[in-house]
Every structure is written in structure tokens, then in C-alpha cells.
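1. I would like to see how this sequence folds:
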Amino acid sequence: MNSNIVIDTNVVVAALKSSRGASFRMLSMVEHERFVIHLSTPLVTEYEAVLKRGLTTLSPQEIDDVIDFLCAKAVLNKIFYLWRPLLKDPGDDFVLELAVKSGATIVTWNTNDFKPAARFGIAVLNPRDFLASLEKQP
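-> Below is the predicted model:
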């Protein structure tokens with residue numbers, strides 16, 4: 001199992017809305033370095049924009065702290081190519097582009113939206129399945 005991942009925004013939102021569930025558990029593991037997160041400027045920008053819509057009880061400063069933490073732990077990637085639009089939701093294309101660039105698995109609750117990722121050899125898992133795959137690793 002590839003331990004390089006791109007975390008879709010819906011997973012970050014779910015983790016910050018509730019301390020129960022796979023999304024929160026996965027984000028709680030970031031500091032333990034069981035996997036490597038890959039980020040790009042467009043993805044970080046989306047995290048910030050979506051989280052600051054008031055979807056969680058966190059203050060803007062707390063959201064900034066979470067994003068800063070993720071950036072500090074992640075590998076930052078520059079994307080120099082665009083295939084847009086490729087996916088059903090054009091807003092997801094930069095997630096796929098980042099996954100292809102970094103050779104990472106996409107972790108999302110919207111796995112069906114990323115079915116075309118298979119043509120690039122990119123795995124797409126929900127957080128539960130990703131955590132289960134980690135448990136199988138030595």
C-alpha cells in the first residue's frame with residue numbers, strides 16, 4: 001500500500017466537525033508519520049476557503065493553525081500541468097493532478113467522483129479503507 005496520500009477537503013472537514021470517525025482518526029495520526037501527506041497551493045487554498053465557511057466550530061485562527069500544521073508535516077508540490085476538465089467535478093481535478101505528480105493515493109469520501117484516477121494508476125480510498133490498509137502494514 002502506498003503511504004503517500006492526498007487528502008481531499010471533505011475528509012479534513014469531516015475530521016474537524018467530529019472527533020468520532022475515520023477522518024478524525026486519520027488526521028490525528030499525521031504527527032506520527034505513518035503516511036506522507038502531499039499538498040499543493042490550490043489544495044491548501046481550498047482547505048482554507050471551505051473550512052472558513054463556518055462548517056466547523058473552529059475559529060479562523062484555529063483553522064489557520066490546523067492548516068499550518070498540515071503544511072509543516074506535508075510535502076509541498078508544484079503542479080505544472082493541467083488536464084482540466086477530466087473529472088465530473090472540475091473542482092476535483094487539481095486533487096487528481098497532485099496525486100499523479102506525487103504518486104499518491106487519494107483519500108476522499110467521494111470515491112466515485114475519482115474513478116477516472118484509475119487510468120493513471122492512482123488508488124482512491126475512503127478514510128476507513130485507508131486506515132484498514134495501514135493496519136495491514138508491518
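
2. Now for Leu55, how many residues are close by?
-> 13 (other C-beta atoms under 10 Å). All C-beta atoms are positioned from the backbone trio N, CA, C, and that covers glycine.

3. Any regions of the chain where pLDDT drops low?
-> 1-2, 81-85, 138 (pLDDT under 70).

4. Helices of that one, residue ranges please.
-> Along the chain, the segments classed as helices by DSSP state H run 9-17, 22-28, 41-51, 60-73, 93-102, 127-136.

5. Ok, which of those comes nearest Phe120?
-> Among the helices of the chain, the nearest to Phe120 by C-beta to C-beta is helix 93-102 (5.0 Å).

6. which helices and strands does that closest one pack with?
-> Packing partners of helix 93-102 (3 or more C-beta pairs under 8 Å, 6 or more residues apart in numbering; DSSP states H and E): strand 4-7, strand 36-39, helix 41-51, strand 105-107.

7. Serialize the helices of the chain to CSV and add fields for mean neighbour count and distance to Gly121.
-> Output for those, formatted as CSV (neighbours: other C-beta atoms under 10 Å; distance: least, C-beta to C-beta, whole Å):
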stretch, mean neighbour count, distance to Gly121
helix 9-17, 20, 21
helix 22-28, 19, 22
helix 41-51, 17, 20
helix 60-73, 14, 25
helix 93-102, 22, 8
helix 127-136, 15, 16
